[in-house]
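Novice: kindly generate the corresponding structure for this input.
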Amino acid sequence: MAGHFTAGEWAKIITELEASPESYGMPEGGREASLVFASFNIRKLGNIVHREHEIDFLARFCARCDLVAIQEVQDNLDGLRLLKARMETKIAGIDEFGLIVSDINGAVPGETGMAERLAFIYRKRRVRRMDMASDLNIDRSTVMQHFFDNHKVIVKTRKDFDKKMAEFDAGTRRTKPVYAVPAFITFMRSPHVTAFEIPAANDAEPITFAAVNAHLIYGKQKERDAEFEALIKWLAHRLTDETRMTVDNFILMGDLNLNFDQPAKDRARIEKRIRLLNSEAFGNADERRIYFPLIDGEAKTGKAIRTNARQNQTFDQIAFFLGSDEKCLPNDKWRTLAANVKPDGFNYGVFNFTDLFARALLGKAYSRLNKAEKTTLGKKFEHSVSDHMPIWVRIPRPGFSTPPQV
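Specialist: As a prediction, the model looks like this:
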């Protein structure tokens with residue numbers, strides 16, 4: 001069937017995976033002294049017709065994690081519910097995981113547009129849900145201020161769009177125009193936030209955090225940068241009044257559609273922005289309060305980590321926004337630990353299922369395929385599995401070991 005692997009191809013894929021899961025970036029599961037956070041944009045996870053093999057495959061990764069943020073869940077929750085069920089019945093245990101899912105986002109009910117949900121699946125005995133759950137919003141007065149500050153360019157852009165649309169309707173323009181808001185007004189899809197606690201052992205302090213599940217805009221570079229800037233600024237400034245927080249930290253998990261096609265240049269740009277934000281929010285550019293591990297590349301080699309299936313972008317991120325006294329979540333001084341990782345130590349990576357598919361079915365890494373081979377292979381999984389690969393971060397559990405002194 002077009003757009004899917006055959007049963008025979010899946011058998012080859014699973015055989016290859018089971019022979020060496022960690023070589024494809026799978027995090028080792030079931031370790032008592034550490035936890036794994038993950039983020040996964042599962043393309044249009046909804047209808048399960050002709051997708052059960054794929055969901056079984058996705059469950060193999062997700063069940064190794066203790067908290068998974070999932071983007072692009074559809075209004076139809078069959079796929080999400082089946083994923084959780086397969087994680088429990090085939091890999092873990094019944095009632096092992098909890099599920100949290102937002103309502104639809106990014107479209108108005110009754111109107112056209114692709115509405116999405118954002119979801120968390122979490123291992124209940126290792127990650128406990130707390131009281132707070134919310135969308136992350138820009139308040140109405142600020143939205144109006146953004147509009148007023150940019151009203152001239154917004155009006156001009158709309159007039160240009162209307163002109164092009166009239167030409168399209170008249171048949172003098174071939175392609176239908178797309179209207180893109182030329183300035184940031186608010187998030188295209190509101191990030192979804194849930195508070196969690198990681199219980200501690202041996203009288204240590206638990207870790208509390210709000211997981212922020214985000215799927216930012218995929219548009220022009222200016223639009224992407226504006227949403228990214230607004231999100232990290234919101235999180236950093238929220239941390240400046242810690243007495244009002246219900247938790248100590250934020251962990252940002254999601255498809256940020258971050259532009260990262262030139263890793264050295266883009267990393268420098270992002271790190272510069274983080275330093276400026278540290279200075280603006282916390283009064284010191286050298287604060288260790290904001291950390292994006294994946295922009296560093298692979299811990300041992302420094303090679304750029306790619307998170308899209310075509311292996312040319314790093315759209316997905318997990319980032320830590322730390323309270324002033326936090327010692328058990330990673331900051332950028334932990335970088336050296338991942339290069340010499342211990343089994344339950346700080347580490348991060350991507351489950352590179354694109355390479356898995358290529359080696360299992362074509363006998364070579366994805367990077368060695370020619371253009372035609374990549375296209376043919378991509379058609380079999382980019383819609384039915386996903387066009388993003390899942391990312392993960394491992395941290396030590398509090399009380400099982402002393403936090404790194406770096």
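Novice: regarding residue 338, what is its secondary structure?
Specialist: helix (DSSP: H, G, I helix; E, B strand; the rest coil).
Novice: quick one: which helix or strand includes the nearest residue to residue 338 once chain neighbours are set aside?
Specialist: Leaving aside its chain neighbours, residue 338 sits nearest to residue 299 (3.5 Å; criterion: CB to CB, 6 or more residues apart in numbering). In this view, the C-beta of every residue, glycine as well, is placed from N, C-alpha and C. Using DSSP states H and E, residue 299 sits in no helix or strand.
Novice: so what pLDDT did residue 299 get?
Specialist: For residue 299, the pLDDT comes out at 87.
Novice: mind giving me the domain ranges of this structure?
Specialist: 7-137+187-396, 138-186 (automatic domain parsing).
Novice: just send the ones you listed back as CSV, with mean neighbour count too.
Specialist: Formatted as CSV, the domains of the chain follow (neighbours: other CB atoms under 10 Å):
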stretch, mean neighbour count
domain 7-137+187-396, 18
domain 138-186, 13
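Novice: nearest to residue 404, out of those?
Specialist: In terms of CB to CB, the element of those nearest to residue 404 is domain 7-137+187-396, at 5.7 Å.
Novice: name the SS class of the residue nearest the centre of the chain, please.
Specialist: Nearest to the geometric centre of the chain sits residue 254, at 2.2 Å (CA atoms, centre = their mean). Assigned with three-state DSSP, residue 254 falls in the strand class.
Novice: ok, it to residue 41 distance?
Specialist: Remark: distance between residue 254 and residue 41 (CB to CB, to the nearest Å) = 8 Å.
Novice: and for those two, which residues touch both?
Specialist: Here residue 254 and residue 41 have 71, 215, 316 as joint contacts, going by CB atoms under 8 Å, 6 or more residues apart in numbering.
Novice: list just the nearest of these to residue 160.
Specialist: residue 215 (27.9 Å).
Novice: phi and psi next, for the closest one.
Specialist: Main-chain dihedrals, residue 215, degrees, to the nearest 10: phi -130, psi 100.
Novice: so who does it touch?
Specialist: Residue 215 makes contact with 41, 71-72, 106, 116, 118, 189, 191, 254-255, according to CB under 8 Å, 6+ apart.
Novice: may I see those organised as a markdown table, with secondary structure, pLDDT and distance to residue 367 added?
Specialist: Formatted as a markdown table, those follow (DSSP: H, G, I helix; E, B strand; the rest coil; pLDDT from 0 to 100; distance: CB to CB, whole Å):
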| residue | secondary structure | pLDDT | distance to residue 367 |
| --- | --- | --- | --- |
| 41 | strand | 98 | 22 |
| 71 | strand | 98 | 26 |
| 72 | strand | 97 | 26 |
| 106 | coil | 85 | 33 |
| 116 | strand | 96 | 31 |
| 118 | strand | 98 | 32 |
| 189 | coil | 94 | 32 |
| 191 | coil | 97 | 33 |
| 254 | strand | 98 | 26 |
| 255 | strand | 98 | 23 |
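Novice: which one of these is nearest to residue 347?
Specialist: residue 254 (19.9 Å).
Novice: and that closest one, what does it touch?
Specialist: By CB under 8 Å, 6+ apart, the neighbours of residue 254 are 39, 41, 69, 71, 118, 191, 212-216, 316-317.
Novice: and residue 320, that's in a strand?
Specialist: Yes: assessed with three-state DSSP, residue 320 lies in a strand.
Novice: quick one: it from residue 124, how far?
Specialist: For residue 320, the distance to residue 124 - CB to CB - is 23 Å.
Novice: repeat that for residue 156.
Specialist: Taken as CB to CB, the span from residue 156 to residue 124 is 52 Å.
Novice: same question for residue 20.
Specialist: Distance, residue 20 to residue 124, by CB to CB: 30 Å.
Novice: low-confidence ranges, the protein, go.
Specialist: Residues of the chain meeting the criterion pLDDT under 70: 1-2, 406.
Novice: now with 80, please.
Specialist: Residues of the chain meeting the criterion pLDDT under 80: 1-2, 90-93, 111-113, 341, 402-406.
Novice: list the beta-bridge partners for residue 251.
Specialist: Beta-bridge partners for residue 251, by DSSP bridges, are residue 211, residue 320.
Novice: hmm, back to that, export the contacts of residue 254 to TSV and tack on distance to residue 48?
Specialist: Below are those laid out as TSV (distance: CB to CB, whole Å):
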residue	distance to residue 48
39	22
41	18
69	21
71	18
118	19
191	26
212	28
213	22
214	25
215	21
216	27
316	24
317	28
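Novice: closest one of these to residue 368?
Specialist: Taking CB to CB as the measure, residue 368 lies nearest residue 316 of the contacts of residue 254, at 23.9 Å.
Novice: ok, the nearest residue to that closest one once chain neighbours are set aside - contacts?
Specialist: Once flanking residues are discounted, residue 316 sits nearest to residue 307: 4.0 Å by CB to CB, 6+ apart. Residues near residue 307 by CB under 8 Å, 6+ apart: 294, 313-316, 350, 388-389, 391.
Novice: so which of those residues are in strands?
Specialist: If you go by DSSP state E, the contacts of residue 307 have 316, 350, 391 in strands.
Novice: how about the strands in the stretch 1-150 of the chain?
Specialist: Ranges of strands in the stretch 1-150 of the chain, per DSSP state E, counting those that start in this stretch, are 34-45, 67-73, 97-101, 117-123, 128-135.
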